[in-house]
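**Student:** Provided below for reference: sequence and predicted model.
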Amino acid sequence: MSRQVRNAPSDVAQGVGIRSQFQDMRAALLSGFLAVACAGTPSADPGPVSLHLLAFSDFHGRLLPDGKGRGGVAQLAHVIERLRRPQTRVVSQGDLVGASPLISSHFRDEPTIEVMNAIGLDLFSIGNHEFDEGVEELLRLERGGPHPSLEATDPEYVGARFRFLAANTLRAPARRPLFEPYHLIEIQGVQVAFIGLAPANTPSMVAPSLEGLVFEDEIEVVRKHVRELGARGVNAFVLLLHEGGRHEGGPNDCKNLEGRIVDLMQRMPDEVDLVLSGHTHRAYVCELEDIPVVSAGAYGRFLSDIELELSPRTKDVVSVRSENVPIFGDGPQSPKIQAMVDEYRARVSRIAERQVGEVARDIPRHPTPSGESLLGSIIADAQREATKADLAFMNLGGIRDDLLEGPATYGQLFRIQPFDNQMVTIELEGREVVNILQGQWSVEGEFGLFQISQTLEYCWDPSKPDGEKVDVSTVRVRGEAVDMDRTYVVAVNSYLARKPPFAKGRAPTLHGKDVEAFETWVERRSPLRPPEPGRICLKDPGGTQTSQGPKSDTAKDSAG
C-alpha cells in the first residue's frame, strides 16, 4: 500500500488533459492525506512464519543408552516431546537401522521402526546401512509384512508410518526412485521441499550386491529437483543428506571441518537453505557457502533443534537457528517408549545378558597416533586364531563401540561387532600383502588403517606420498621379513572379502562368525587386558609429526 501511495503524486502530475491549478492543489492535498493515513496502518507483509525441525541421524537401532551413559531412545523421545510444537516436524537423515545392537537386530530391526512410529518421526532419508540386508529387506521394513524366516519377528509387522525419501537412488533400467525423491510441507501458505539423498558411493560400502540400483551424484539430483520445484513456485529447500565431515570442537562448533560434505557444498545450488548432514557420526553446526549445515552425530546422543523463519511474501527461508541438544541416558524418559524398549529387552535378555568373561580395563577402539586400535588388534588376533591363518586384517569401521571394564556380555560383544559377518580366509602372496598396506590411504569408504593381527607388523612415514608410505623393509610376518613370493593365508571378514583389494584373494574359504571368534577370545583370556601397542609404528624422524593416519580421526565416532 505504501508503494502505491508513494507513486500517487507521479500519477497526478502525468494526468491527461489540462488541469487547473486548483485541481493540482486538490490532488496534492489528497495524496498527502492518504500518505498520512496509510502510515498508521499495518504493512501488507504479515511477517515471517516458523517451521520447527527436530533432527537426528545414524541411529543404528540404539534403543538403549551406551555404556558411557549417552543416548537412549526413551530419553530421546522425552526431549522430542518436550520441544515439540504445532509446527514441528521430526526428521532423520540416514542409517536408522543396520549395525544395530541385539535388542533391535535380533528382531530384524522391527523394534526400531515401531519405536520411531510411536515417537512420531515424519521424514526419513535412507543411508548406506539401510542396504545391509539387501533391497528387498529394506522395502519390507518400509512397507510391512512378515520376514521370510519368521524367526523372532512379528508376522503382523505393519512397517513404517513415516515417509522414506531417496532422490538419487534409482531402479534400473527405468531409473525410477526407489522411494519418494522429496516431500513438500506447507506452513501457512509457504511450501518447503525436503529432498532425501543417500551417499553416491553406497554400493562400495555395503556387503550385499546392489545390482539393479543406480546411485546418482547428489548435487546433480539436487539441481534437477530445485529447478523443477522452483518452476512450481517452491523457493524453500531442505536436504536430508547422508554425508558429512569431521571437525574440531564440540557439538555446536565447526572448526576446521573437512570431509566429503565440504566438497559437496562447494557445488551446492544457492537455492538450498539448509543441509541436515550425517554419516560421519560427528555432531556440528556449520555454515558452508552461506548455507547452514547441521549434524546431530550418532546413536541418539544429540538432537538438532532447528528453527526456520519463512517469508510468506517470497516463499523463501529468511533465517535459520540451530542447536545440538545432548541426550543423557540417566535423563527423563518417555514412559510409553520405555515400555516398548523394556519389552524387547526382556525378550532378548537371555541372549544379550549372558556373561562371556571379564574385562580388566577399558579397551578403546579409537586408534593411537600410528593408526593402531587396541580393540582392533584383539579382534584381528581372534579371527586369525579362529581360522588358523598366518595373519588377519580387520576394518576399523566394523568396530562400533569400546570394550568397557567389567563383565563382558554377549550383547556387549555383539554391539561392538553387529554385522553378523562370517570369517573368510584367502591366499595372498607377500607382494600382495605389501600392496594392501601401501594402498590403505586410498581405500574408498574405509575409515582409518586396517587393524592387523600380532603376526604382522610394519612402519609408515606420513611424509611419503600415497603408495609409498609403508617402509617395505619393516614389514614382518610371524617375526620374519615378508617374503614377496611366498603365499600367506590371510583372514578377513566377509565384508572385506568382497571388496578390493581382498576380492582378488585366491582359495576363499568360509569359517564361523566373527563375533563368535571374538567371544571365544574374551572367554579364554578373561580377565582380558589391552594388548601392547606397536604392530603399526609411525616413522617420525623430525619428532614433530602428529598424523593419525588416513581418516583415523573419524574412527572414534565414525563408522559410516
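**Tutor:** Okay, I see it.
**Student:** Compute the number of surrounding residues for residue 251.
**Tutor:** If you count neighbours by other CB atoms under 10 Å, residue 251 ends up with 19. The C-beta positions use only the backbone N, C-alpha and C, and glycine is treated the same way.
**Student:** which SS class is it?
**Tutor:** Of the three states, residue 251 takes coil under DSSP: H, G, I helix; E, B strand; the rest coil.
**Student:** For it, which residues are in contact?
**Tutor:** Contacts for residue 251 (CB atoms under 8 Å, 6 or more residues apart in numbering) come out as 283-285, 296-297, 302, 324, 326.
**Student:** Ok, residue 240 next?
**Tutor:** Residue 240 sits in contact with 91-94, 123-125, 165, 194-197, 276, where contact means CB under 8 Å, 6+ apart.
**Student:** before we move on, the earlier item: now the contacts of residue 251 as JSON lines including neighbour count and secondary structure?
**Tutor:** Formatted as JSON lines, those follow (neighbours: other CB atoms under 10 Å; DSSP: H, G, I helix; E, B strand; the rest coil):
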{"residue": "283", "neighbour count": "27", "secondary structure": "strand"}
{"residue": "284", "neighbour count": "29", "secondary structure": "strand"}
{"residue": "285", "neighbour count": "22", "secondary structure": "strand"}
{"residue": "296", "neighbour count": "33", "secondary structure": "strand"}
{"residue": "297", "neighbour count": "27", "secondary structure": "coil"}
{"residue": "302", "neighbour count": "26", "secondary structure": "strand"}
{"residue": "324", "neighbour count": "24", "secondary structure": "strand"}
{"residue": "326", "neighbour count": "16", "secondary structure": "strand"}
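**Student:** For residue 136, what are phi and psi?
**Tutor:** phi -60, psi -40 (degrees, to the nearest 10).
**Student:** And it, how close does it get to residue 150?
**Tutor:** Residue 136 sits 16 Å away from residue 150, taking CB to CB, to the nearest Å as the criterion.
**Student:** what's the closest of the contacts of residue 240 to residue 331?
**Tutor:** Distances from residue 331 to those, taken as CB to CB, are shortest for residue 92 (19.9 Å).
**Student:** Just grab the bridge partners of that closest one for me.
**Tutor:** With DSSP bridges as the criterion, residue 92 is bridged to residue 56, residue 124.
**Student:** residues in contact with the helix or strand harbouring residue 222?
**Tutor:** In this structure, residue 222 is located in helix 218-230 according to DSSP states H and E. Applying CB under 8 Å, 6+ apart, the contact partners of helix 218-230 are 167-168, 181-182, 184, 193, 195, 197, 199-200, 237, 239, 241, 243, 264, 267-269, 271-272.
**Student:** Low-confidence ranges, this structure, go.
**Tutor:** Within the chain, the stretches with pLDDT under 70 are 1-45, 444-445, 541-560.
**Student:** The residue most central in space within the chain: what's it in contact with?
**Tutor:** Centrality entry for the chain: nearest residue to the mean C-alpha point is residue 279, 2.2 Å, by CA atoms, centre = their mean. Residues counted as contacts of residue 279 (CB under 8 Å, 6+ apart) are 57-58, 94-95, 127-128, 199, 242-244, 560.
**Student:** cool, residue 133 as well?
**Tutor:** Residue 133 is in contact with 98, 108, 208, counting by CB under 8 Å, 6+ apart.
**Student:** any idea how far the residue lying closest to the last one once chain neighbours are set aside lies from residue 144?
**Tutor:** Counting by CB to CB, 6 or more residues apart in numbering, residue 208 lies nearest to residue 134, which is 4.3 Å off, once chain neighbours are set aside. Taken as CB to CB, the spacing of residue 134 relative to residue 144 amounts to 17 Å.
**Student:** Same question for residue 187.
**Tutor:** Relative to residue 144, residue 187 is positioned 30 Å away (CB to CB).
**Student:** again, but for residue 490
**Tutor:** On the measure of CB to CB, residue 490 and residue 144 end up 42 Å apart.
**Student:** Give me the more crowded residue out of these two.
**Tutor:** Set side by side, residue 490 and residue 144 show more neighbours around residue 490, with 27 against 16, by other CB under 10 Å.
**Student:** Shouldn't that one be within a helix?
**Tutor:** No. Secondary structure of residue 490 (three-state DSSP): strand, not part of a helix.
**Student:** Now do the strands in the stretch 451-560 of the chain.
**Tutor:** With strands called from DSSP state E, counting those that start in this stretch, the stretch 451-560 of the chain shows them at 451-452, 456-460, 476-477, 480-481, 487-493, 506-513, 536-538.
**Student:** Would you mind getting the angle between the second one and strand 487-493?
**Tutor:** I take that to be strand 456-460. Angle between the axes of strand 456-460 and strand 487-493 is 90 degrees (criterion: axes from the mean of the first three to the mean of the last three CA atoms, to 10 degrees).
**Student:** other SSEs contacting strand 456-460?
**Tutor:** Other helices and strands packing on strand 456-460, by 3 or more CB pairs under 8 Å, 6 or more residues apart in numbering; DSSP states H and E, are helix 430-438, strand 476-477, strand 536-538.
**Student:** if we can go back for a sec, out of the contacts of residue 251, flag the one nearest to residue 396.
**Tutor:** Nearest to residue 396, judged by CB to CB, of the contacts of residue 251 is residue 297 at 18.0 Å.
**Student:** Appreciated, that's everything.
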